[in-house]
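> just need the structure, nothing else, for what follows:
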Amino acid sequence: MSIAITWPAGYRARLYNGPDDLPTLAGVLNASEAANGCEYVISPEQLAHDYSHVQRCDLKTDLLIVETVAGPPVAYARVFWDQELDGLRRYGIVCHILAEHRATLAAPMFDWAEARIRAIATAQAYAGQQVFQTWCENEAGMGWLIEQLEARGYAATRYGYLMLRDLAEPIADDDLPDGLTSRHGTPDDLRPIWDAMLEAFRDHWGFREHTEADYQAWIKQPELDPNLWQVAWAGDEVAGMVLNFVPREENEALGLSRGWTDPICVRRPWRRRGVARALILKSLHMFRKLGYKEAALGVDTQNPNRALQLYESCGFRPYRRSVTLRRELVLEPAAQELA
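Below is the predicted model of the structure:
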């Protein structure tokens with residue numbers, strides 16, 4: 001479906017042309033995130049991995065690149081959709097714009113993204129609740145985007161923190177409960193750890209069902225390193241985990257010395273028994289022994305299992321706040337009748 005957007009003078013838009021676009025897109029993303037005050041770097045290889053495993057998104061129609069008439073791409077937007085367990089269908093928008101072009105391009109790019117989502121939703125004719133959704137990793141540095149979204153009727157729905165832990169500070173020790181042991185991961189552990197992780201996260205906000213394609217994408221992640229993991233076992237059952245990783249290229253590009261203790265989860269039968277705390281502290285000792293200066297993790301500030309308080313007890317402190325924004329998606333009456 002063709003979407004008619006009037007682009008400002010000096011700009012033109014086109015759809016994704018394939019892997020040859022990846023280096024340019026990675027460059028736009030990295031420059032945009034740097035301007036947002038986000039310590040994040042992605043390589044073309046990582047972006048290629050992500051796009052080769054993308055689901056519920058057709059890159060040929062759902063990724064738009066905006067260029068200056070006389071120069072290279074300066075922005076891109078991508079849309080996709082997910083189905084939550086409670087029936088809510090969310091249509092996500094990813095948008096990266098070089099700082100000097102934001103005032104001009106933010107409005108028409110979101111016009112395109114919302115129009116493309118409406119076309120997808122109309123074709124799907126889903127009868128349940130639907131929302132537009134996007135995420136700002138650094139609330140303090142992304143006022144340009146939040147202002148655009150709020151003017152369109154989006155509202156903050158959920159907040160998160162990036163938390164950091166100085167590894168030069170004292171690190172406590174805490175033993176696992178009786179009957180549990182911990183060890184790093186092995187290739188044979190990947191499937192049981194994946195299954196346990198999905199089970200543990202089912203009661204988290206925004207969870208969706210995962211597919212075999214999700215699993216294949218996960219095990220092929222360039223930064224996946226089971227040798228860094230701390231996994232608690234009750235016999236041959238996974239009780240909980242901290243799937244540590246190190247973004248080495250990002251650390252090098254930004255001059256950081258940071259290991260991530262993320263994701264963290266504990267299956268229900270072993271919650272409230274100190275499993276996560278013990279595994280986190282083991283991870284912090286490990287990262288310090290490996291020579292890293294700080295540890296990082298992300299947390300949903302409204303997590304019902306008091307994750308924020310747990311992480312603070314392990315020495316993590318909020319560093320940056322993120323925000324998820326949503327707006328109800330209501331189709332035109334003619335489209336609603338299809339459902």
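
> how does this protein divide up, domain by domain?
Following automatic domain parsing, one gets these domains for the chain: 11-159+324-338, 170-314.

> mean neighbour count, mean pLDDT and distance to residue 4 added to those domains, as JSON lines?
Where you see a C-beta, it was placed from the backbone N, CA and C, and this is true even at glycine. Putting those into JSON lines (neighbours: other C-beta atoms under 10 Å; pLDDT from 0 to 100; distance: least, C-beta to C-beta, whole Å) gives the following:
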{"stretch": "domain 11-159+324-338", "mean neighbour count": "17", "mean pLDDT": "95", "distance to residue 4": "8"}
{"stretch": "domain 170-314", "mean neighbour count": "17", "mean pLDDT": "97", "distance to residue 4": "32"}
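
> out of these, flag the one nearest residue 5.
In this view, those are compared for proximity to residue 5 by C-beta to C-beta, and domain 11-159+324-338 is the closest at 4.9 Å.

> so how far is that closest one off the chain centroid?
For domain 11-159+324-338, the distance from its own C-alpha centre to the chain's C-alpha centre is 13 Å (C-alpha atoms, centre = their mean, to the nearest Å).

> let me see the contact set for residue 42.
Counting by C-beta atoms under 8 Å, 6 or more residues apart in numbering, residue 42 touches 26, 29, 30, 250.

> surely it is within a strand?
No - with DSSP: H, G, I helix; E, B strand; the rest coil as the criterion, residue 42 is assigned coil and is not in a strand.

> how close does it sit to residue 222?
Applying C-beta to C-beta, to the nearest Å, the value for residue 42 to residue 222 is 11 Å.

> over to residue 255?
Distance from residue 255 to residue 222, counting by C-beta to C-beta: 21 Å.

> element containing the closest residue to residue 72 other than its chain neighbours, please.
Among residues not flanking residue 72 along the chain, residue 24 sits closest, at 6.2 Å (C-beta to C-beta, 6 or more residues apart in numbering). Residue 24 is part of helix 22-35, with elements assigned from DSSP states H and E.

> got it, and residue 241?
With elements delineated by DSSP H and E, residue 241 resides in strand 237-242, which encompasses its position.

> what residues does the very next helix or strand once past that strand touch?
Of the helices and strands lying after strand 237-242 in sequence (DSSP H and E), the nearest is helix 248-254. When contacts are taken as C-beta under 8 Å, 6+ apart, the neighbours of helix 248-254 outside the stretch itself are 39, 40, 41, 42, 43, 46, 223, 256, 257, 258.

> how far away from the center of its chain is helix 248-254?
18 Å.

> what's the answer for stretch 260-276, then?
If you compare the mean C-alpha spot of stretch 260-276 with that of the full chain, they lie 20 Å apart, counting by C-alpha atoms, centre = their mean.

> excluding chain neighbours, what is closest to residue 3?
Take residue 3 and drop its neighbours on the chain: the residue closest to it by C-beta to C-beta, 6+ apart is residue 115, 4.6 Å away.

> each with direction, which strands does the strand holding residue 241 pair with?
Taking DSSP bridges as the criterion, strand 237-242 pairs within the sheet with strand 230-234 (antiparallel), strand 264-266 (antiparallel).

> export the ones you listed to a markdown table and tack on distance to residue 141?
Supplementary listing: these in a markdown table, determined by distance: least, C-beta to C-beta, whole Å:
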| stretch | distance to residue 141 |
| --- | --- |
| strand 230-234 | 32 |
| strand 264-266 | 26 |
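
> returning to what we had before: so what does the helix holding residue 24 touch, helix or strand wise?
Counting contacts by 3 or more C-beta pairs under 8 Å, 6 or more residues apart in numbering; DSSP states H and E, the secondary-structure elements packed against helix 22-35 are helix 44-52, strand 73-83, strand 89-97.

> try it again with 10 Å
Using 3 or more C-beta pairs under 10 Å, 6 or more residues apart in numbering; DSSP states H and E as the contact definition, the elements that helix 22-35 packs against are helix 44-52, strand 63-68, strand 73-83, strand 89-97, helix 248-254.

> related to what we said a few turns ago, which residues are in contact with both of residue 42 and residue 222?
Between them, residue 42 and residue 222 have 49, 247, 249 as joint contacts when contacts are counted by C-beta atoms under 10 Å, 6 or more residues apart in numbering.

> quick check: the gap between the last one and residue 292.
The spacing between residue 249 and residue 292, counted by C-beta to C-beta, is 15 Å.

> just the second one next, same as before
Residue 247 is 11 Å from residue 292, where distance means C-beta to C-beta.
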